[in-house]
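[1] return a 3D structure for these sequence lines:
(one chain, ligands or ions: 1)
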Amino acid sequence: MPRDQLDVLIPEDRLQVRIRELGAQIRKDHGDAPITCIGVLKGSFMFFADLVRAIGGDVRCEFLGVASYSGGTRSSGVVRITDDLRAPIEGRHCVIIEDIVDTGLTMDYLVRMLAMRAPRSLRTCVLLDKPNHREVAITPDYVGFSIPDAFVVGYGLDLAERYRNLPHIAVYTP
Ligand code: IMP
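    The predicted structure follows:
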């Protein structure tokens, strides 16, 4: 069986530098206020862990389980919540933390769903943005890196559950 081709797109040290910048910006924008960080599982787990440490101060951690792909490299366009938040977010400053925005369908759905719960503020933070592939107009408040329209894996992102444990972002070529 031929091996998958994986080419490093963003090395570990560049990820970490950028995440520290994002964390500092998010903290600055919220002052000393408590922030509820909402990690979208599974893809954001590694980014989430590094980002909440970079934000610092009063941070609550919540998670949403979402399935939007069914094991392939194309979005199904169907967003399914597999695990909801454990705590109410009414009156709280919230930041949704996602691994990647591609078509925008997942983020658009999550923003609309969470906005109905009356948070005090609701911002969005993504590590990777593939702006050329949008099906709905959505602009994240915080973006780590804008990347070309390729399928990427690593640092939490998977291909059929593989490669999440890579410490860097790589382009996958079948
Ligand atoms: P969207 O709904 O098309 O914006 O896609 C969002 C979700 O699709 C992300 O949370 C990822 O789980 C997944 N996804 C999109 N592009 C990629 C990719 O290049 N690699 C791995 N997962 C991806």
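[2] how about the residues of this protein that lie near the ligand?
    Counting by C-beta under 6 Å from any ligand atom, the chain comes close to the ligand at 43, 68-69, 75, 98-107, 151-153, 157. In short, each C-beta sits where N, CA and C put it, glycine included.
[3] find the nearest non-adjacent residue to residue 117, please.
    Closest residue in space to residue 117, ignoring its immediate chain neighbours: residue 89 at 5.2 Å, by C-beta to C-beta, 6 or more residues apart in numbering.
[4] for the chain, give me the ranges with low pLDDT.
    Where the chain drops to pLDDT under 70, the residues are 1-2, 68-78.
[5] mind exporting the lengthiest helix in it as PDB, just the C-alpha atoms?
    When the chain is parsed with DSSP state H, its longest helix is helix 12-30. What follows is helix 12-30, C-alpha atoms only, in PDB (Å, rounded to 0.1, in the frame of the first residue of the first chain):
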ATOM      1  CA  GLU A  12       5.700  23.600  15.500                       C
ATOM      2  CA  ASP A  13       7.700  26.700  16.500                       C
ATOM      3  CA  ARG A  14       5.700  29.000  14.200                       C
ATOM      4  CA  LEU A  15       2.400  27.500  15.600                       C
ATOM      5  CA  GLN A  16       3.500  28.200  19.100                       C
ATOM      6  CA  VAL A  17       4.700  31.800  18.400                       C
ATOM      7  CA  ARG A  18       1.400  32.700  16.700                       C
ATOM      8  CA  ILE A  19      -0.700  31.000  19.500                       C
ATOM      9  CA  ARG A  20       1.000  33.200  22.100                       C
ATOM     10  CA  GLU A  21       0.100  36.300  20.000                       C
ATOM     11  CA  LEU A  22      -3.500  35.100  19.700                       C
ATOM     12  CA  GLY A  23      -3.800  34.500  23.400                       C
ATOM     13  CA  ALA A  24      -2.400  37.900  24.300                       C
ATOM     14  CA  GLN A  25      -4.800  39.600  21.800                       C
ATOM     15  CA  ILE A  26      -7.800  37.700  23.200                       C
ATOM     16  CA  ARG A  27      -6.900  38.600  26.800                       C
ATOM     17  CA  LYS A  28      -6.300  42.200  25.900                       C
ATOM     18  CA  ASP A  29      -9.700  42.500  24.100                       C
ATOM     19  CA  HIS A  30     -11.500  41.200  27.300                       C
END
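[6] ok, back up a step: mind listing what the residue nearest to residue 117 touches?
    Going by C-beta atoms under 8 Å, 6 or more residues apart in numbering, residue 89 touches 36, 38, 62, 114, 117, 118, 119.
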